[in-house]
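*Asks:* this one's structure only:
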Ligand SMILES: Nc1ncnc2c1ncn2[C@@H]1O[C@H](COP(=O)(O)OP(=O)(O)OP(=O)(O)O)[C@@H](O)[C@H]1O
Ligand SMILES: [Mg+2]
(Lines give C-alpha, C1' and ligand atoms only; values in the text may rest on other atoms or scores of the structure.)
(Ligands and ions follow the chains in the order given, each with its own letter.)
Protein backbone atom coordinates (compact mmCIF):
# COMPACT_ATOMS: atom_id res chain seq x y z
CA UNK A 1 0.00 0.00 0.00
CA UNK A 2 1.35 3.42 -0.94
CA UNK A 3 1.17 6.65 0.95
CA UNK A 4 2.07 9.54 -1.26
CA UNK A 5 5.11 11.20 0.24
CA UNK A 6 5.04 14.99 0.44
CA UNK A 7 7.87 15.10 -2.09
CA UNK A 8 8.89 12.79 -4.84
CA UNK A 9 12.51 11.79 -4.65
CA UNK A 10 14.38 12.42 -7.86
CA UNK A 11 17.94 11.49 -8.76
CA UNK A 12 19.60 14.74 -7.75
CA UNK A 13 17.97 14.61 -4.31
CA UNK A 14 18.92 11.01 -4.05
CA UNK A 15 22.55 11.89 -4.76
CA UNK A 16 22.39 14.73 -2.31
CA UNK A 17 21.05 12.52 0.44
CA UNK A 18 23.68 9.91 -0.24
CA UNK A 19 26.41 12.50 -0.11
CA UNK A 20 24.87 13.72 3.09
CA UNK A 21 24.99 10.23 4.62
CA UNK A 22 28.55 9.82 3.42
CA UNK A 23 29.59 13.10 5.03
CA UNK A 24 27.94 12.07 8.27
CA UNK A 25 29.69 8.73 8.19
CA UNK A 26 33.07 10.38 7.66
CA UNK A 27 32.40 12.86 10.44
CA UNK A 28 31.55 10.05 12.81
CA UNK A 29 34.68 8.13 11.87
CA UNK A 30 36.85 11.16 12.41
CA UNK A 31 35.59 11.27 15.98
CA UNK A 32 37.13 7.89 16.69
CA UNK A 33 40.21 7.66 14.50
CA UNK A 34 42.05 5.05 16.57
CA UNK A 35 39.20 2.57 16.65
CA UNK A 36 38.64 3.07 12.93
CA UNK A 37 42.32 2.78 12.04
CA UNK A 38 42.93 -0.36 14.05
CA UNK A 39 39.98 -2.05 12.37
CA UNK A 40 41.22 -0.91 8.99
CA UNK A 41 44.71 -2.25 9.69
CA UNK A 42 43.27 -5.60 10.70
CA UNK A 43 41.31 -5.74 7.45
CA UNK A 44 44.33 -4.56 5.49
CA UNK A 45 46.52 -7.36 6.81
CA UNK A 46 43.82 -9.89 5.99
CA UNK A 47 43.65 -8.49 2.45
CA UNK A 48 47.43 -8.17 2.04
CA UNK A 49 48.20 -11.84 2.66
CA UNK A 50 46.24 -13.19 -0.33
CA UNK A 51 47.60 -10.32 -2.42
CA UNK A 52 51.16 -11.29 -1.59
CA UNK A 53 50.38 -14.95 -2.31
CA UNK A 54 48.90 -14.04 -5.69
CA UNK A 55 51.96 -12.02 -6.61
CA UNK A 56 54.27 -14.84 -5.62
CA UNK A 57 52.27 -17.51 -7.42
CA UNK A 58 52.24 -15.31 -10.47
CA UNK A 59 56.02 -15.04 -10.35
CA UNK A 60 56.47 -18.81 -10.03
CA UNK A 61 54.13 -19.36 -12.93
CA UNK A 62 56.30 -16.99 -14.96
CA UNK A 63 59.39 -19.05 -14.24
CA UNK A 64 57.87 -22.40 -15.07
CA UNK A 65 56.33 -21.24 -18.33
CA UNK A 66 59.73 -19.84 -19.27
CA UNK A 67 61.26 -23.23 -18.65
CA UNK A 68 58.69 -25.10 -20.62
CA UNK A 69 60.38 -23.89 -23.80
CA UNK A 70 63.74 -25.34 -23.01
CA UNK A 71 62.91 -28.84 -21.91
CA UNK A 72 65.98 -30.64 -23.03
CA UNK A 73 67.65 -33.96 -22.81
CA UNK A 74 71.41 -33.91 -22.63
CA UNK A 75 73.39 -37.03 -23.59
CA UNK A 76 76.90 -37.20 -22.15
CA UNK A 77 78.91 -39.47 -24.44
CA UNK A 78 81.80 -41.69 -23.48
CA UNK A 79 85.17 -39.96 -23.40
CA UNK A 80 86.46 -42.05 -26.32
CA UNK A 81 83.77 -40.91 -28.74
CA UNK A 82 85.13 -38.21 -31.03
CA UNK A 83 83.22 -35.22 -32.38
CA UNK A 84 82.62 -36.79 -35.80
CA UNK A 85 81.03 -39.86 -34.26
CA UNK A 86 79.05 -37.59 -32.02
CA UNK A 87 77.72 -35.67 -35.05
CA UNK A 88 76.88 -38.95 -36.76
CA UNK A 89 75.04 -40.19 -33.69
CA UNK A 90 73.08 -36.96 -33.48
CA UNK A 91 71.97 -37.34 -37.09
CA UNK A 92 71.00 -40.99 -36.49
CA UNK A 93 68.99 -40.15 -33.42
CA UNK A 94 67.10 -37.45 -35.21
CA UNK A 95 66.11 -39.98 -37.87
CA UNK A 96 65.03 -42.68 -35.47
CA UNK A 97 63.14 -40.85 -32.79
CA UNK A 98 60.32 -38.38 -32.46
CA UNK A 99 62.56 -35.45 -31.73
CA UNK A 100 62.72 -31.97 -33.05
CA UNK A 101 66.48 -31.51 -33.07
CA UNK A 102 69.61 -33.30 -31.96
CA UNK A 103 72.87 -31.39 -31.98
CA UNK A 104 76.32 -32.56 -31.01
CA UNK A 105 78.34 -30.11 -29.00
CA UNK A 106 82.13 -29.89 -28.77
CA UNK A 107 83.40 -30.49 -25.26
CA UNK A 108 85.37 -27.25 -25.37
CA UNK A 109 82.16 -25.42 -26.14
CA UNK A 110 80.51 -27.23 -23.24
CA UNK A 111 83.27 -26.07 -20.95
CA UNK A 112 83.01 -22.53 -22.25
CA UNK A 113 79.25 -22.50 -21.58
CA UNK A 114 79.90 -23.99 -18.21
CA UNK A 115 82.38 -21.30 -17.24
CA UNK A 116 79.88 -18.64 -18.21
CA UNK A 117 77.73 -19.58 -15.27
CA UNK A 118 79.19 -17.42 -12.57
CA UNK A 119 79.17 -19.93 -9.80
CA UNK A 120 81.30 -22.40 -11.82
CA UNK A 121 83.85 -19.94 -13.23
CA UNK A 122 86.61 -20.92 -10.83
CA UNK A 123 86.09 -24.62 -11.31
CA UNK A 124 86.04 -24.19 -15.06
CA UNK A 125 89.34 -22.29 -14.92
CA UNK A 126 91.09 -25.17 -13.24
CA UNK A 127 89.86 -27.42 -16.03
CA UNK A 128 91.10 -25.16 -18.81
CA UNK A 129 94.23 -27.22 -19.59
CA UNK A 130 92.68 -30.59 -19.43
CA UNK A 131 88.99 -30.58 -20.18
CA UNK A 132 87.41 -33.52 -18.31
CA UNK A 133 84.06 -33.14 -20.03
CA UNK A 134 82.92 -35.40 -22.89
CA UNK A 135 81.25 -34.26 -26.08
CA UNK A 136 77.52 -34.05 -25.61
CA UNK A 137 74.39 -34.20 -27.69
CA UNK A 138 71.59 -31.81 -26.89
CA UNK A 139 68.17 -33.10 -27.80
CA UNK A 140 65.12 -30.99 -28.26
CA UNK A 141 62.22 -33.45 -27.94
CA UNK A 142 59.02 -33.14 -29.91
CA UNK A 143 56.20 -31.19 -28.31
CA UNK A 144 54.26 -34.17 -26.92
CA UNK A 145 57.14 -36.57 -26.42
CA UNK A 146 57.33 -38.78 -23.34
CA UNK A 147 60.65 -37.62 -22.03
CA UNK A 148 61.19 -40.42 -19.56
CA UNK A 149 60.57 -43.03 -22.22
CA UNK A 150 62.94 -41.28 -24.62
CA UNK A 151 65.60 -40.90 -21.97
CA UNK A 152 65.36 -44.62 -21.20
CA UNK A 153 65.91 -45.49 -24.88
CA UNK A 154 68.93 -43.19 -25.18
CA UNK A 155 70.49 -44.65 -22.05
CA UNK A 156 70.74 -48.09 -23.68
CA UNK A 157 72.87 -46.75 -26.54
CA UNK A 158 76.49 -47.96 -26.16
CA UNK A 159 78.02 -44.55 -26.95
CA UNK A 160 76.01 -42.78 -24.28
CA UNK A 161 77.56 -42.57 -20.82
CA UNK A 162 74.82 -40.63 -19.09
CA UNK A 163 71.43 -39.15 -19.84
CA UNK A 164 70.43 -36.00 -18.09
CA UNK A 165 67.13 -34.30 -18.25
CA UNK A 166 65.36 -31.85 -15.99
CA UNK A 167 61.87 -32.93 -16.74
CA UNK A 168 61.12 -34.54 -13.42
CA UNK A 169 62.28 -31.44 -11.76
CA UNK A 170 59.94 -29.38 -13.92
CA UNK A 171 57.09 -31.65 -13.05
CA UNK A 172 57.79 -31.32 -9.36
CA UNK A 173 58.00 -27.59 -9.56
CA UNK A 174 54.83 -27.51 -11.60
CA UNK A 175 53.08 -29.62 -8.99
CA UNK A 176 54.34 -27.32 -6.26
CA UNK A 177 53.14 -24.30 -8.20
CA UNK A 178 49.72 -25.88 -8.66
CA UNK A 179 49.49 -26.73 -5.03
CA UNK A 180 50.47 -23.21 -4.14
CA UNK A 181 47.74 -21.85 -6.36
CA UNK A 182 45.24 -24.06 -4.60
CA UNK A 183 46.51 -23.14 -1.14
CA UNK A 184 46.46 -19.52 -2.12
CA UNK A 185 42.81 -19.75 -3.17
CA UNK A 186 41.88 -21.46 0.07
CA UNK A 187 43.77 -18.94 2.17
CA UNK A 188 42.26 -16.08 0.18
CA UNK A 189 38.76 -17.43 0.68
CA UNK A 190 39.35 -17.86 4.40
CA UNK A 191 40.77 -14.39 4.77
CA UNK A 192 37.95 -12.80 2.81
CA UNK A 193 35.50 -14.58 5.08
CA UNK A 194 37.53 -13.21 7.99
CA UNK A 195 37.26 -9.70 6.59
CA UNK A 196 33.52 -10.11 6.15
CA UNK A 197 33.15 -11.33 9.72
CA UNK A 198 35.26 -8.47 11.07
CA UNK A 199 33.16 -5.91 9.22
CA UNK A 200 29.88 -7.60 10.15
CA UNK A 201 30.87 -7.42 13.79
CA UNK A 202 32.18 -3.87 13.73
CA UNK A 203 29.02 -2.69 11.98
CA UNK A 204 26.89 -4.60 14.45
CA UNK A 205 28.63 -2.88 17.34
CA UNK A 206 28.19 0.43 15.63
CA UNK A 207 24.47 -0.27 15.19
CA UNK A 208 24.13 -1.41 18.80
CA UNK A 209 25.93 1.74 19.85
CA UNK A 210 23.41 3.88 17.99
CA UNK A 211 20.29 1.89 18.81
CA UNK A 212 18.50 4.79 20.44
CA UNK A 213 19.24 7.08 17.56
CA UNK A 214 17.98 4.49 15.07
CA UNK A 215 14.82 4.03 17.08
CA UNK A 216 14.13 7.76 17.08
CA UNK A 217 14.79 8.07 13.37
CA UNK A 218 12.46 5.18 12.66
CA UNK A 219 9.80 6.71 14.88
CA UNK A 220 9.77 9.80 12.73
CA UNK A 221 9.24 7.79 9.60
CA UNK A 222 12.62 6.67 8.29
CA UNK A 223 12.59 3.58 6.12
CA UNK A 224 15.00 0.74 6.78
CA UNK A 225 16.89 1.84 3.68
CA UNK A 226 17.39 5.32 5.10
CA UNK A 227 18.51 3.98 8.47
CA UNK A 228 20.82 1.46 6.85
CA UNK A 229 22.55 3.88 4.53
CA UNK A 230 25.20 5.32 6.85
CA UNK A 231 26.07 1.83 8.07
CA UNK A 232 26.48 0.58 4.53
CA UNK A 233 28.81 3.48 3.87
CA UNK A 234 30.66 2.65 7.03
CA UNK A 235 31.17 -0.95 5.93
CA UNK A 236 32.16 0.06 2.40
CA UNK A 237 34.62 2.56 3.82
CA UNK A 238 36.20 -0.07 6.06
CA UNK A 239 36.59 -2.44 3.10
CA UNK A 240 37.87 0.28 0.80
CA UNK A 241 40.40 1.68 3.26
CA UNK A 242 41.53 -1.85 4.13
CA UNK A 243 42.06 -2.66 0.45
CA UNK A 244 44.02 0.56 -0.14
CA UNK A 245 46.35 -0.08 2.77
CA UNK A 246 46.69 -3.74 1.77
CA UNK A 247 47.81 -2.61 -1.69
CA UNK A 248 50.40 -0.32 -0.17
CA UNK A 249 51.60 -3.16 2.06
CA UNK A 250 51.82 -5.60 -0.84
CA UNK A 251 53.58 -3.05 -3.02
CA UNK A 252 56.06 -2.23 -0.27
CA UNK A 253 56.88 -5.88 0.35
CA UNK A 254 57.25 -6.44 -3.40
CA UNK A 255 59.84 -3.67 -3.52
CA UNK A 256 61.63 -5.17 -0.54
CA UNK A 257 61.53 -8.67 -2.00
CA UNK A 258 62.29 -7.82 -5.57
CA UNK A 259 66.04 -7.74 -5.07
CA UNK A 260 66.03 -11.19 -3.53
CA UNK A 261 63.71 -12.50 -6.19
CA UNK A 262 65.89 -11.17 -8.98
CA UNK A 263 68.86 -13.04 -7.52
CA UNK A 264 66.79 -16.17 -7.28
CA UNK A 265 65.62 -15.74 -10.84
CA UNK A 266 69.22 -15.38 -11.97
CA UNK A 267 69.99 -18.81 -10.61
CA UNK A 268 67.19 -20.34 -12.59
CA UNK A 269 67.77 -18.67 -15.93
CA UNK A 270 64.42 -17.02 -15.43
CA UNK A 271 63.90 -13.45 -16.37
CA UNK A 272 61.21 -11.89 -14.25
CA UNK A 273 60.43 -9.56 -11.44
CA UNK A 274 57.51 -9.53 -9.00
CA UNK A 275 54.82 -7.90 -11.04
CA UNK A 276 53.62 -4.60 -9.72
CA UNK A 277 49.90 -3.94 -9.94
CA UNK A 278 48.34 -2.46 -13.05
CA UNK A 279 45.93 0.42 -12.62
CA UNK A 280 43.02 -1.85 -13.58
CA UNK A 281 43.89 -4.37 -10.94
CA UNK A 282 44.36 -1.60 -8.37
CA UNK A 283 40.92 -0.22 -9.16
CA UNK A 284 39.48 -3.72 -9.15
CA UNK A 285 40.96 -4.50 -5.77
CA UNK A 286 39.77 -1.26 -4.22
CA UNK A 287 36.29 -1.69 -5.67
CA UNK A 288 36.34 -5.31 -4.50
CA UNK A 289 37.26 -4.20 -0.99
CA UNK A 290 34.45 -1.66 -0.96
CA UNK A 291 31.96 -4.26 -2.24
CA UNK A 292 33.01 -6.80 0.36
CA UNK A 293 32.56 -4.11 3.04
CA UNK A 294 29.18 -3.16 1.65
CA UNK A 295 28.10 -6.79 1.57
CA UNK A 296 29.23 -7.39 5.16
CA UNK A 297 27.53 -4.21 6.38
CA UNK A 298 24.33 -5.24 4.61
CA UNK A 299 24.39 -8.56 6.46
CA UNK A 300 24.84 -6.78 9.79
CA UNK A 301 22.12 -4.24 8.98
CA UNK A 302 19.69 -6.94 7.84
CA UNK A 303 20.09 -8.73 11.12
CA UNK A 304 19.91 -5.75 13.40
CA UNK A 305 17.98 -2.84 11.97
CA UNK A 306 14.90 -4.85 11.08
CA UNK A 307 14.44 -5.88 14.66
CA UNK A 308 14.15 -2.29 15.88
CA UNK A 309 10.52 -1.20 16.34
CA UNK B 1 -8.90 10.02 8.29
CA UNK B 2 -8.04 7.54 11.03
CA UNK B 3 -10.50 4.93 12.18
CA UNK B 4 -10.03 2.27 14.81
CA UNK B 5 -12.42 -0.63 14.78
CA UNK B 6 -12.71 -2.84 17.86
CA UNK B 7 -9.04 -2.45 18.59
CA UNK B 8 -7.59 -4.35 21.53
CA UNK B 9 -4.02 -4.71 22.63
CA UNK B 10 -2.69 -7.31 25.00
CA UNK B 11 0.99 -7.22 25.90
CA UNK B 12 2.61 -10.54 26.62
CA UNK B 13 2.65 -11.27 30.35
CA UNK B 14 0.09 -8.61 31.19
CA UNK B 15 -3.61 -7.97 30.86
CA UNK B 16 -5.33 -6.12 28.06
CA UNK B 17 -3.90 -2.58 27.88
CA UNK B 18 -6.79 -1.36 25.75
CA UNK B 19 -9.99 -3.17 24.86
CA UNK B 20 -12.51 -2.83 22.08
CA UNK B 21 -11.63 0.72 21.07
CA UNK B 22 -13.74 2.35 18.37
CA UNK B 23 -12.55 5.77 17.38
CA UNK B 24 -12.57 8.12 14.43
CA UNK B 25 -10.30 11.12 13.94
CA UNK B 26 -11.19 13.54 11.15
CA UNK B 27 -8.94 15.81 9.12
CA UNK B 28 -8.10 18.99 10.99
CA UNK B 29 -9.61 17.81 14.26
CA UNK B 30 -8.01 18.38 17.66
CA UNK B 31 -8.74 16.00 20.47
CA UNK B 32 -7.44 15.15 23.86
CA UNK B 33 -6.90 11.71 25.30
CA UNK B 34 -6.92 11.50 29.06
CA UNK B 35 -7.05 8.89 31.76
CA UNK B 36 -5.12 7.72 34.77
CA UNK B 37 -1.65 6.27 34.56
CA UNK B 38 -1.72 2.81 33.03
CA UNK B 39 -5.08 3.33 31.37
CA UNK B 40 -3.59 2.77 27.92
CA UNK B 41 -3.06 6.26 26.50
CA UNK B 42 0.43 5.59 25.21
CA UNK B 43 -0.64 2.23 23.88
CA UNK B 44 -3.42 3.81 21.86
CA UNK B 45 -1.06 6.38 20.35
CA UNK B 46 1.46 3.69 19.53
CA UNK B 47 -1.19 1.70 17.69
CA UNK B 48 -2.21 4.72 15.64
CA UNK B 49 1.45 5.40 14.79
CA UNK B 50 1.92 1.69 13.93
CA UNK B 51 4.68 1.45 16.51
CA UNK B 52 2.91 -1.54 17.93
CA UNK B 53 0.32 -3.75 16.26
CA UNK B 54 -3.10 -4.32 17.82
CA UNK B 55 -3.81 -7.82 19.03
CA UNK B 56 -7.31 -7.61 17.65
CA UNK B 57 -9.29 -5.11 15.59
CA UNK B 58 -8.46 -2.99 12.58
CA UNK B 59 -6.91 0.39 11.86
CA UNK B 60 -7.99 2.36 8.81
CA UNK B 61 -6.31 5.32 7.19
CA UNK B 62 -8.56 7.04 4.65
CA UNK B 63 -10.66 3.87 4.68
CA UNK B 64 -7.67 1.73 3.77
CA UNK B 65 -6.83 -1.06 6.16
CA UNK B 66 -3.36 -0.32 7.48
CA UNK B 67 -3.33 -2.74 10.41
CA UNK B 68 -0.69 -5.01 8.99
CA UNK B 69 1.48 -2.97 6.69
CA UNK B 70 4.90 -4.03 5.43
CA UNK B 71 7.96 -2.32 6.83
CA UNK B 72 8.40 0.17 4.02
CA UNK B 73 4.75 1.12 4.00
CA UNK B 74 4.88 1.65 7.75
CA UNK B 75 7.76 4.10 7.27
CA UNK B 76 5.77 5.94 4.60
CA UNK B 77 2.67 5.99 6.76
CA UNK B 78 4.58 7.25 9.76
CA UNK B 79 6.30 9.98 7.78
CA UNK B 80 2.86 11.54 7.26
CA UNK B 81 2.54 11.97 11.00
CA UNK B 82 4.33 14.11 13.53
CA UNK B 83 5.20 12.47 16.82
CA UNK B 84 5.89 14.37 20.03
CA UNK B 85 7.20 12.45 23.03
CA UNK B 86 7.22 13.27 26.69
CA UNK B 87 10.98 12.64 26.83
CA UNK B 88 11.56 14.62 23.60
CA UNK B 89 13.62 11.89 21.94
CA UNK B 90 16.07 14.29 20.34
CA UNK B 91 19.38 13.17 18.86
CA UNK B 92 21.84 14.47 21.39
CA UNK B 93 24.87 14.47 19.12
CA UNK B 94 23.23 16.74 16.55
CA UNK B 95 22.33 20.38 16.67
CA UNK B 96 18.83 21.70 17.05
CA UNK B 97 18.90 22.52 13.35
CA UNK B 98 19.92 18.96 12.38
CA UNK B 99 17.24 17.47 14.62
CA UNK B 100 14.53 19.53 13.02
CA UNK B 101 15.88 18.86 9.52
CA UNK B 102 15.70 15.10 10.01
CA UNK B 103 12.09 14.52 8.87
CA UNK B 104 12.81 16.58 5.76
CA UNK B 105 15.80 14.43 4.90
CA UNK B 106 13.82 11.29 5.59
CA UNK B 107 11.07 12.49 3.30
CA UNK B 108 13.47 13.41 0.52
CA UNK B 109 12.91 17.14 0.48
CA UNK B 110 15.01 19.20 -1.89
CA UNK B 111 18.27 20.40 -0.44
CA UNK B 112 17.38 24.03 -1.19
CA UNK B 113 14.08 23.70 0.64
CA UNK B 114 15.48 22.36 3.88
CA UNK B 115 17.01 25.47 5.52
CA UNK B 116 13.92 27.59 4.93
CA UNK B 117 11.55 25.01 6.33
CA UNK B 118 13.72 24.23 9.33
CA UNK B 119 14.02 27.90 10.23
CA UNK B 120 10.30 28.47 9.75
CA UNK B 121 9.54 25.60 12.13
CA UNK B 122 12.08 26.84 14.69
CA UNK B 123 10.64 30.30 14.40
CA UNK B 124 7.16 28.98 15.20
CA UNK B 125 8.44 27.56 18.48
CA UNK B 126 10.56 30.70 19.09
CA UNK B 127 13.88 28.87 19.03
CA UNK B 128 15.48 30.27 15.92
CA UNK B 129 18.34 31.68 17.98
CA UNK B 130 19.19 28.19 19.30
CA UNK B 131 19.55 26.43 15.97
CA UNK B 132 23.26 25.72 16.48
CA UNK B 133 22.90 24.48 20.06
CA UNK B 134 23.02 20.85 21.07
CA UNK B 135 19.88 19.57 22.82
CA UNK B 136 21.76 19.06 26.08
CA UNK B 137 22.34 22.79 26.27
CA UNK B 138 18.60 23.48 26.29
CA UNK B 139 16.04 23.53 29.11
CA UNK B 140 13.32 20.91 29.24
CA UNK B 141 10.76 23.29 27.80
CA UNK B 142 13.10 24.27 24.98
CA UNK B 143 13.85 20.65 24.19
CA UNK B 144 10.15 19.95 24.03
CA UNK B 145 9.71 22.84 21.60
CA UNK B 146 12.50 21.43 19.41
CA UNK B 147 10.62 18.12 19.49
CA UNK B 148 7.48 19.92 18.38
CA UNK B 149 9.32 21.78 15.62
CA UNK B 150 10.64 18.46 14.39
CA UNK B 151 7.13 16.99 14.48
CA UNK B 152 5.60 19.75 12.34
CA UNK B 153 8.46 20.72 10.00
CA UNK B 154 7.35 18.37 7.21
CA UNK B 155 3.70 19.45 7.49
CA UNK B 156 2.20 16.22 8.78
CA UNK B 157 -1.51 15.61 8.51
CA UNK B 158 -1.73 14.17 12.01
CA UNK B 159 0.17 15.22 15.10
CA UNK B 160 0.37 12.67 17.91
CA UNK B 161 1.63 13.98 21.23
CA UNK B 162 2.16 11.73 24.26
CA UNK B 163 2.27 13.76 27.46
CA UNK B 164 3.94 16.71 25.76
CA UNK B 165 3.67 18.79 28.92
CA UNK B 166 4.43 16.00 31.36
CA UNK B 167 7.67 17.44 32.68
CA UNK B 168 6.85 21.12 32.41
CA UNK B 169 5.56 23.71 34.85
CA UNK B 170 2.00 25.02 34.36
CA UNK B 171 3.03 28.17 32.52
CA UNK B 172 5.26 26.29 30.04
CA UNK B 173 2.54 23.65 29.65
CA UNK B 174 0.14 26.38 28.63
CA UNK B 175 2.62 27.71 26.06
CA UNK B 176 3.15 24.28 24.58
CA UNK B 177 -0.61 23.67 24.36
CA UNK B 178 -1.02 27.01 22.64
CA UNK B 179 1.50 25.88 20.04
CA UNK B 180 -0.62 22.81 19.32
CA UNK B 181 -3.70 25.02 19.02
CA UNK B 182 -1.88 27.18 16.46
CA UNK B 183 -0.86 24.22 14.34
CA UNK B 184 -4.35 22.84 14.56
CA UNK B 185 -5.71 26.13 13.29
CA UNK B 186 -3.76 25.66 10.05
CA UNK B 187 -5.37 22.27 9.61
CA UNK B 188 -3.14 19.71 11.29
CA UNK B 189 -5.23 17.06 13.01
CA UNK B 190 -3.91 16.67 16.55
CA UNK B 191 -4.26 14.03 19.22
CA UNK B 192 -2.78 14.95 22.60
CA UNK B 193 -2.53 12.42 25.41
CA UNK B 194 -2.32 14.00 28.82
CA UNK B 195 -3.41 13.25 32.36
CA UNK B 196 -3.52 16.98 33.19
CA UNK B 197 -7.31 17.28 33.24
CA UNK B 198 -7.35 20.91 34.37
CA UNK B 199 -5.22 21.98 31.45
CA UNK B 200 -7.31 19.96 28.99
CA UNK B 201 -10.61 21.29 30.24
CA UNK B 202 -9.54 24.88 29.71
CA UNK B 203 -9.50 24.30 25.93
CA UNK B 204 -13.05 22.97 25.48
CA UNK B 205 -12.14 20.40 22.86
CA UNK B 206 -13.30 16.90 22.22
CA UNK B 207 -11.82 14.71 24.94
CA UNK B 208 -11.46 10.94 25.01
CA UNK B 209 -11.45 9.38 28.42
CA UNK B 210 -9.60 6.09 28.88
CA UNK B 211 -10.31 4.06 31.96
CA UNK B 212 -8.60 0.72 32.35
CA UNK B 213 -8.27 0.39 28.59
CA UNK B 214 -11.87 1.32 27.77
CA UNK B 215 -12.81 4.48 25.96
CA UNK B 216 -15.41 7.10 26.70
CA UNK B 217 -15.87 9.98 24.32
CA UNK B 218 -16.50 13.23 26.20
CA UNK B 219 -17.97 16.39 24.76
CA UNK B 220 -16.18 19.71 24.53
CA UNK B 221 -17.44 20.80 27.92
CA UNK B 222 -16.07 17.68 29.54
CA UNK B 223 -19.47 15.97 30.00
CA UNK B 224 -19.64 12.38 28.98
CA UNK B 225 -21.92 12.08 25.98
CA UNK B 226 -21.24 8.67 24.60
CA UNK B 227 -19.81 5.40 25.65
CA UNK B 228 -18.11 3.38 22.97
CA UNK B 229 -18.91 -0.24 22.92
N1 LIG C 1 5.80 -2.83 26.39
C2 LIG C 1 4.92 -3.25 27.31
N3 LIG C 1 4.97 -4.53 27.75
C4 LIG C 1 4.06 -4.98 28.64
N5 LIG C 1 3.11 -4.21 29.17
C6 LIG C 1 3.01 -2.94 28.79
C7 LIG C 1 3.92 -2.39 27.83
N8 LIG C 1 3.58 -1.10 27.64
C9 LIG C 1 2.53 -0.87 28.43
N10 LIG C 1 2.16 -1.95 29.13
C11 LIG C 1 1.05 -2.06 30.05
O12 LIG C 1 -0.11 -1.63 29.39
C13 LIG C 1 -0.90 -0.81 30.23
C14 LIG C 1 -1.12 0.53 29.58
O15 LIG C 1 0.13 1.19 29.48
P16 LIG C 1 0.26 2.62 28.79
O17 LIG C 1 1.69 2.96 28.78
O18 LIG C 1 -0.46 2.59 27.52
O19 LIG C 1 -0.50 3.54 29.84
P20 LIG C 1 -0.56 5.12 29.89
O21 LIG C 1 -2.00 5.46 29.97
O22 LIG C 1 0.23 5.72 28.80
O23 LIG C 1 0.11 5.40 31.29
P24 LIG C 1 0.97 6.71 31.70
O25 LIG C 1 0.01 7.80 31.96
O26 LIG C 1 1.66 6.26 32.97
O27 LIG C 1 1.94 6.99 30.61
C28 LIG C 1 -0.15 -0.73 31.55
O29 LIG C 1 -0.73 -1.63 32.41
C30 LIG C 1 1.24 -1.17 31.23
O31 LIG C 1 1.80 -1.87 32.31
MG1 LIG D 1 1.97 6.90 28.68
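*Replies:* Yep, it's here. On a predicted model such as this, the values are computed, not experimentally measured, just so you know. Ligands and ions are numbered 1, 2, ... in the order given.
*Asks:* SS state for the residue nearest in space to the middle of chain B?
*Replies:* When chain B is reduced to its mean C-alpha position, the closest residue under Cα atoms, centre = their mean turns out to be residue B:160, at 1.3 Å. Per DSSP: H, G, I helix; E, B strand; the rest coil, the secondary structure class of residue B:160 is strand.
*Asks:* check which helix or strand covers residue 215.
*Replies:* This is for chain A. Of the helices and strands defined by DSSP states H and E, residue A:215 is found in helix A:211-219.
*Asks:* could you do chain B instead?
*Replies:* For residue B:215, the element it lies in under DSSP H and E is strand B:214-218.
*Asks:* returning to that earlier point: after the helix holding residue A:215, next one along is what?
*Replies:* Scanning the chain past helix A:211-219 towards its C-terminal end, the next helix or strand to appear is helix A:224-267 (assignment: DSSP H and E).
*Asks:* in the helix or strand that that next one is followed by, what counts as buried?
*Replies:* Next in sequence after helix A:224-267, counting helices and strands by DSSP H and E, comes helix A:279-305. Neighbour-count burial for helix A:279-305 flags A:285-286, A:288-290, A:292-301, A:304-305 (criterion: 16 or more other Cβ atoms under 10 Å in any protein chain shown). All C-beta spots, glycine's among them, are computed from the backbone N, C-alpha and C.
*Asks:* return the distance of helix A:279-305 from the chain's centre.
*Replies:* 21 Å (Cα atoms, centre = their mean, to the nearest Å).
*Asks:* so which elements touch that helix?
*Replies:* Helices and strands in packing contact with helix A:279-305 are listed as helix A:33-68, helix A:167-209, helix A:224-267; criterion 3 or more Cβ pairs under 8 Å, 6 or more residues apart in numbering or on different chains; DSSP states H and E.
*Asks:* now do it against helix A:167-209, angle only.
*Replies:* Using axes from the mean of the first three to the mean of the last three Cα atoms, to 10 degrees, the interaxial angle of helix A:279-305 with respect to helix A:167-209 works out to 40 degrees.
*Asks:* give me the neighbour count for residue 130.
*Replies:* I'll assume chain A. The number of residues packed around residue A:130, counting by other Cβ atoms under 10 Å in any protein chain shown, is 6.
*Asks:* that answer is for a different chain, and I need it for chain B
*Replies:* Neighbouring residues of residue B:130 were enumerated by other Cβ under 10 Å; the total is 19.
*Asks:* for chain B, what's its nearest residue on the stretch 101-250 of chain A.
*Replies:* Distance from chain B to each residue of the stretch 101-250 of chain A (Cβ to the nearest Cβ) is smallest for residue A:221, at 2.9 Å.
*Asks:* now do the phi/psi pair for that residue.
*Replies:* Residue A:221 adopts backbone torsions of phi 100, psi 10, taken as degrees, to the nearest 10.
*Asks:* residues in contact with it?
*Replies:* Each residue near residue A:221 by Cβ atoms under 8 Å, 6 or more residues apart in numbering or on different chains is listed here: B:75-81, B:103, B:106-107.
*Asks:* low-confidence bits of the stretch 1-150 of chain A, can you list those?
*Replies:* Scanning the stretch 1-150 of chain A for pLDDT under 70 picks out A:1-17, A:62-71, A:117-121, A:143-144.
*Asks:* residue contacts, residue B:137?
*Replies:* For residue B:137, counting by Cβ under 8 Å, 6+ apart, there are no contacting residues.
*Asks:* what about residue B:6, how many neighbours?
*Replies:* Neighbour count of residue B:6, defined by other Cβ under 10 Å: 14.
*Asks:* would you say it is within a strand?
*Replies:* Yes - when three-state DSSP is applied, residue B:6 is found to be in a strand.
*Asks:* state the mean pLDDT of the strand holding residue B:215.
*Replies:* Throughout strand B:214-218, pLDDT has a mean value of 76.
*Asks:* got it, and stretch A:224-244?
*Replies:* 91.
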